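> here is my input, please return the structure:
(one chain, ligands or ions: 1)
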Amino acid sequence: MPETQPPTAAAAGPAADAGPAAGAAPVTGATIQLENLSKRYHGSALPAVDSVNMEIGAGELVVFVGPSGCGKSTLLKMINRLIEPTSGRIRIGGEDVTRIDPVKLRRKVGYAIQASGLFPHMTVGDNIGLVPKMIGWSKTKVKDRVEEMLDLVGLDPKEFHGRYPRQLSGGQQQRVGVARALAADPPVLLMDEPFGAVDPITRDHLQDELIRLQRELHKTIVFVTHDFDEAVKLGDRIVVLREQSHIAQFDTPEAILTNPSDDFVSGFVGAGAALKRLNLTRVRDVGIADFPTVSVDDPLQSIFDRLRAGTHSELLLLDRKGRPYKWLRRGDLMRAKGSLARAGTLVGDYVTRDATLRDALEAVLTDSSGRVAVTGRRGEYIGVVDMETLMNSVHELLEEDRLSAMEAQHELEETRAQQTHLAQEGGAAAGPVPENGAGSSVAGGGGRLEGK
Ligand SMILES: Nc1ncnc2c1ncn2[C@@H]1O[C@H](COP(=O)(O)OP(=O)(O)OP(=O)(O)O)[C@@H](O)[C@H]1O
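Below is the predicted model of the structure:
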């Protein structure tokens, strides 16, 4: 049985679909299929998870969200059989793993949890190398892998290899937790609120790191969170769960934001869908404008002449490495008295092309200039994004969402009409059409049609 498989049309979620990551790296994940999966805890009247059917495509990042106690963790832990199902079936990469040796199963499935779950008495290196060592890799191979993994999660192997978990910050511990989960190169990674215990800024960085990692690795990732914003930011698709893990909606973040299947999902999405939409778009996707720049090496007189020439009332001063340094206005230079040291306003904030529009908007709102500088990998100036561009982009995005929701609605109505017609003619093949996206049976991909 192959551990990995290429993306298929049926399995392909948005990660394996078109988009910036397409073609960038091979999909190394495997499909996950849950069939009538249930869990009733001993002594409980009702099952915690009630007959879930779900298919997650190879290379997809799917997020489970839902209210406390709805069974998210139970459902997740049944995938690697940390919790044994009461009934139903789990397939990974097509293989029925419901009854195989759970230890063997866990080699296919990495697992990262809140507060990292590292063994405190073991060094970072030993923690990461644990599973590869257990499955019989040679010492050299384990050592190389540990270094590779530390590098992958942005920690210097020389510095961190020999440290103990207590000598790391919360964010660094989480990174090591992810490195450990990926060490044996499993096709599937389960993440149970992995960033729940860190502060919001570190959390934001860890989320960005996960997006970058997934762009490189294309694993199949199932991620549990309480936080809908986190789900929107990370998920190729989101599963909104209600009590007993009944699936309220399984769809792309865009579709859930713009076309929630019912009041339960709308309540979960909450207010501010337009703002949440900003989390889904990156600065690279909007128009990055040119801005007139000058360098600290330019003679003061030439800078002055450019400002006086009048086409621009403002210039961006770059430092010797080409990084944004100061915004210069005409009046600033008048008061500069022969030195740039006293002139202009320091550039307070900047964003990269991978930043979300929400980050860009925040930066624009906090900068009195009404724009934000966009920088490259080494902090070098690329361009600027201003308030007007952001507002226009958001309007366009919302309009596109509205149109695709209308299209989906139209298709749904046509399918219904066709089926009614077939049923009236006694067409035996006509099956029922769902009323909305609710119900616990959802296969890969087709969620859009199930919107309201
Ligand atoms: N070991 C157990 N024995 C009995 N009942 C349990 C056990 N573990 C969980 N439950 C119950 O099963 C239900 C689902 O729990 P689970 O932890 O999966 O939910 P959750 O959605 O992950 O919750 P949270 O978001 O609060 O972590 C809850 O009602 C919980 O009380």
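> the ligand contacts on the stretch 101-250 of the chain?
Contacts of the stretch 101-250 of the chain with the ligand, taken as Cβ under 6 Å from any ligand atom, map to His226. Using the backbone N, CA and C atoms, a C-beta is placed for each residue, glycine as well.
> low-confidence ranges in the stretch 101-250 of the chain?
For the stretch 101-250 of the chain, the stretches with pLDDT under 70 are 115-116.
> please name the residues that touch the residue of it found nearest the ligand.
Closest residue of the stretch 101-250 of the chain to the ligand, Cβ to the nearest ligand atom: His226 (5.7 Å). Neighbouring residues of His226 by Cβ atoms under 8 Å, 6 or more residues apart in numbering: Val65, Ser68, Glu193, Gly196.
> just give the closest residue to Leu357, not the sequence neighbours.
The shortest distance from Leu357 to any non-neighbouring residue, by Cβ to Cβ, 6 or more residues apart in numbering, is to Leu278 (4.3 Å).
> any idea how many residues pack against that neighbour?
20 (other Cβ atoms under 10 Å).
> hang on, isn't it packed against Val364?
No - look at Leu278 against Val364 with Cβ atoms under 8 Å: they stay out of range, at 11.6 Å.
> which one of the contacts of His226 has the most neighbours?
So for those (other Cβ under 10 Å), the most neighbours sit at Val65, 25 neighbours.
> quick one: the nearest residue to that one once chain neighbours are set aside from Arg180, how far?
Distance criterion Cβ to Cβ, 6+ apart; nearest residue to Val65, sequence neighbours excluded, is Ala231 at 4.7 Å. To Arg180, Ala231 is 24 Å away according to Cβ to Cβ, to the nearest Å.
> report the contact partners of the residue nearest to Leu357.
Thr356, Leu357, Arg358, Leu361, Val394.
> tell me the SS of Ser38?
The three-state label given to Ser38 by DSSP: H, G, I helix; E, B strand; the rest coil is strand.
> please enumerate the strands of the stretch 1-150 of the chain.
Secondary structure of the stretch 1-150 of the chain (DSSP state E, counting those that start in this stretch): strands located at 32-39, 49-56, 61-65, 87-92, 95-96, 109-113.
> give me the sheet partners of the first one and which way each runs.
Strand pairing for strand 32-39, determined by DSSP bridges: strand 49-56 (antiparallel), strand 87-92 (antiparallel).
> now the strands for the stretch 151-300 of the chain?
Using DSSP E, counting those that start in this stretch, the strands of the stretch 151-300 of the chain run over residues 188-192, 220-224, 237-241, 247-251, 293-295.
> which one of the contacts of His226 sits closest to Leu412?
The closest of the contacts of His226 to Leu412 turns out to be Val65 (Cβ to Cβ; 24.1 Å).
> ok, now which ones touch the closest one?
Lys72, Val224, Thr225, His226, Asp227, Phe228, Ala231, Ile238, Val239, Val240, Leu241, Phe268.
> hmm, try it at 7 Å
Thr225, Phe228, Ala231, Ile238, Val240, Phe268 (Cβ atoms under 7 Å, 6 or more residues apart in numbering).
> wait, the fifth one touches Pro67, no?
No - with contact defined as Cβ atoms under 7 Å, Val240 and Pro67 do not form a contacting pair (9.8 Å).
> which one's more surrounded, these two?
Taking other Cβ under 10 Å, Val240 and Pro67 do not tie; Val240 has more neighbours (28 against 14).
> what's the distance between that one and Leu361?
When Val240 is compared with Leu361 (using Cβ to Cβ), they lie 26 Å apart.
> same check, this time on Arg371
Relative to Leu361, and taking Cβ to Cβ, Arg371 is found at 11 Å.
> look at these two and report which has more neighbours.
Comparing Arg371 with Leu361 by other Cβ under 10 Å, the one with more neighbours is Arg371, at 22 against 19.
> residue contacts, the closest residue in space to the more buried one that isn't next to it in sequence?
Closest residue to Arg371 apart from its sequence neighbours, by Cβ to Cβ, 6+ apart: Asp386 at 4.0 Å. The contact partners of Asp386, taken as Cβ under 7 Å, 6+ apart, are Ala289, Val364, Gly370, Arg371.
> mind putting those residues into a markdown table with distance to Asp144, secondary structure and pLDDT?
Formatted as a markdown table, these follow (distance: Cβ to Cβ, whole Å; DSSP: H, G, I helix; E, B strand; the rest coil; pLDDT from 0 to 100):
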| residue | distance to Asp144 | secondary structure | pLDDT |
| --- | --- | --- | --- |
| Ala289 | 45 | strand | 89 |
| Val364 | 45 | helix | 85 |
| Gly370 | 50 | coil | 80 |
| Arg371 | 46 | strand | 88 |
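> most tightly packed of the strands paired with strand 32-39?
When you average the neighbours per residue for each of the strands paired with strand 32-39 (mean count of other Cβ atoms under 10 Å), strand 49-56 leads with a mean of 22.
> chain center to stretch 298-310, what's the gap?
45 Å (Cα atoms, centre = their mean, to the nearest Å).
> can you give me the buried ones in that stretch?
For stretch 298-310, a neighbour-count test (16 or more other Cβ atoms under 10 Å) marks Ile303, Phe304, Arg306, Leu307 as buried.
> need the helices for the stretch 201-350 of the chain, in chain order.
Under the criterion DSSP state H, counting those that start in this stretch, the stretch 201-350 of the chain contains helices at 228-234, 253-258, 263-269, 273-278, 300-309, 330-334.
> identify the residues contacting the closest residue in space to Val178 that isn't next to it in sequence.
Excluding the flanking residues, the one nearest Val178 by Cβ to Cβ, 6+ apart is Ala112, at 5.2 Å. Ala112 makes contact with Gly177, Val178, Ala181, Leu189, Met191, Pro194, according to Cβ under 7 Å, 6+ apart.
> which two of those residues have the greatest separation?
Gly177 and Leu189 (11.1 Å).
> from Thr225, how far out is the residue nearest the centre of the chain?
For the chain, the residue sitting closest to the mean C-alpha position, by Cα atoms, centre = their mean, is Leu234 at 1.7 Å. As for Leu234, its distance to Thr225 is 8 Å (criterion: Cβ to Cβ).
> which neighbours do those two have in common?
Joint contacts of Leu234 and Thr225 (Cβ under 7 Å, 6+ apart) are Val63.
> now for the chain: which helix has the highest residue count?
helix 387-424 (DSSP state H).
> could you check the angle it makes with strand 247-251?
120 degrees (axes from the mean of the first three to the mean of the last three Cα atoms, to 10 degrees).
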